[in-house]
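> Next comes the sequence, and after it the predicted model I'd like to discuss.
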Amino acid sequence: MRSLNSILVTGGAGFIGSTLVRKLLERPEVESLVVLDALTYAGNRGNLVGSDRDPRFHFVEGNILDRELVTRLLQEFKCTGVMHLAAESHVDRSIARPAEFTIANIGGTAVILEATRDLKVPLLQCSTDEVYGPIPFPKQADESQKLKPSSPYSASKAGADLLVQAAHITYGQDVVIARCTNNYGPRQHPEKLIPRMIYQALRDAPLPVYGSGRQIRDWIHVDDCALGLIATFEKGFPNRVYHLGAKCERTNLGIIRTILKQLHKPESLMTHVEDRLGHDDRYALNVRLALVELEWRARIPFRSGFEAAVREMSQTLRPSED
Ligand code: NAD
């Protein structure tokens with residue numbers, strides 16, 4: 001088992017990162033937790049309210065591309081592990097500005113690898129099901145599936161994963177990769193599908209649906225995903241890939257209809273718009289290895305988890321009265 005004694009979380013002010021921080025602080029073995037986050041447009045210090053009252057918690061605003069800073073933090077906090085989540089994460093933005101994604105996601109991971117290599121600190125790389133490209137129904141990708149990313153975002157994540165694996169082969173670095181499916185839950189940036197649809201619906205504004213809306217994603221509650229990341233870090237075999245999914249396939253159209261129903265809004269608010277370039281029609285992961293080797297599985301049922309998440313997000317996204 002890798003030690004949770006002192007953990008550096010990159011991207012901890014983001015959606016999944018801030019949930020991971022909460023879950024790590026629930027563990028008594030964690031004596032020190034430092035978040036390194038550049039607070040890009042996607043990072044929000046407010047996501048860490050509550051966690052930041054814990055005396056074990058430290059926040060450092062800075063960039064993962066800053067090699068000296070990363071090394072200094074690993075030394076200063078005597079880190080026993082890095083959980084690397086910092087990334088540019090929005091596919092649409094990657095289509096508009098692919099170079100930024102290459103620098104942050106591949107360049108940033110290269111820096112994290114160098115710093116952890118020098119100080120022999122184990123690394124968890126947080127990756128995505130999108131690296132495999134579309135998976136035809138009814139197949140599920142297993143961990144040996146060929147990488148075939150379609151978007152600049154997924155290509156940059158695939159590139160980062162390959163660097164992580166090469167670091168193990170070349171230098172014997174202790175690394176492990178978790179590939180997660182689509183997360184839902186509180187604190188997600190309003191540009192992403194679910195909060196965006198809630199935001200629009202609450203204002204009786206059109207809900208833009210890419211193409212037919214029949215694209216299929218596997219949805220996992222962010223709490224389950226965070227626990228899966230911890231299990232992968234603690235128990236995952238070096239240089240192995242683990243799939244964190246909930247076996248909960250839904251079309252985007254289905255997700256949007258569920259939101260509208262819960263908010264008592266008419267389906268006529270849905271407006272089909274031109275499809276996203278290179279839009280993958282389905283992602284699906286086989287999660288058996290995570291169950292067998294990590295003793296982890298997603299536990300939150302979609303129906304209740306999603307309903308609670310929509311309720312919680314509606315409160316923060318509601319139009320103000322004044
Ligand atoms: P997010 O966009 O909400 O958060 C990313 C965080 O990283 C932000 O706080 C941002 O400020 C920070 N960041 C970005 N570039 C940085 C840099 N150069 N230096 C330091 N900090 C930087 O993303 P998220 O949805 O929480 O995703 C977290 C990780 O999980 C990413 O690696 C993403 O690829 C992966 N992932 C996300 C999902 C999902 O459904 N959200 C699914 C699979 C994998």
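In hand now; what should we look at?

> The stretch 201-322 of the chain against the ligand: which residues are in contact?
Nowhere does the stretch 201-322 of the chain come near the ligand, counting by C-beta under 6 Å from any ligand atom. For every residue, glycine as well, the C-beta is placed using N, CA and C.

> Tell me where the model's unsure across this protein.
321-322 (pLDDT under 70).

> closest point of it to the ligand, which residue?
G14 (2.0 Å; C-beta to the nearest ligand atom).

> give me every residue that touches that residue.
37, 42-44, 47, 85-86, 89, 189 (C-beta atoms under 8 Å, 6 or more residues apart in numbering).

> same thing but at 10 Å, please
Counting by C-beta atoms under 10 Å, 6 or more residues apart in numbering, G14 makes contact with 20, 35, 37, 39-40, 42-44, 47, 85-87, 89, 187-189.

> With R72 instead?
60, 62, 66, 115 are the contacts of R72 under C-beta under 10 Å, 6+ apart.

> That one: which element?
Secondary-structure assignment from DSSP states H and E places R72 in helix 67-76.

> how far is stretch 158-166 from where the chain is centred?
17 Å (C-alpha atoms, centre = their mean, to the nearest Å).

> no, scratch that, I was asking about stretch 50-57
On C-alpha atoms, centre = their mean, the centre of stretch 50-57 falls 22 Å from the chain's centre.

> what's the answer for stretch 250-264, then?
22 Å.

> Pull the number of nearby residues for K120.
K120 has 11 neighbouring residues, counting by other C-beta atoms under 10 Å.

> hang on, it packs against V175?
No: between K120 and V175 there is no contact under C-beta atoms under 10 Å: 11.7 Å.

> coming back round to it: in strands only, show me the contacts of R72.
V60 (DSSP state E).

> Pipe the contacts of R72 into TSV and attach neighbour count and distance to the ligand per row.
Output for the contacts of R72, formatted as TSV (neighbours: other C-beta atoms under 10 Å; distance: C-beta to the nearest ligand atom, whole Å):
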residue	neighbour count	distance to the ligand
V60	16	10
G62	17	7
D66	16	8
A115	25	13
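
> residues in contact with R53?
L25.
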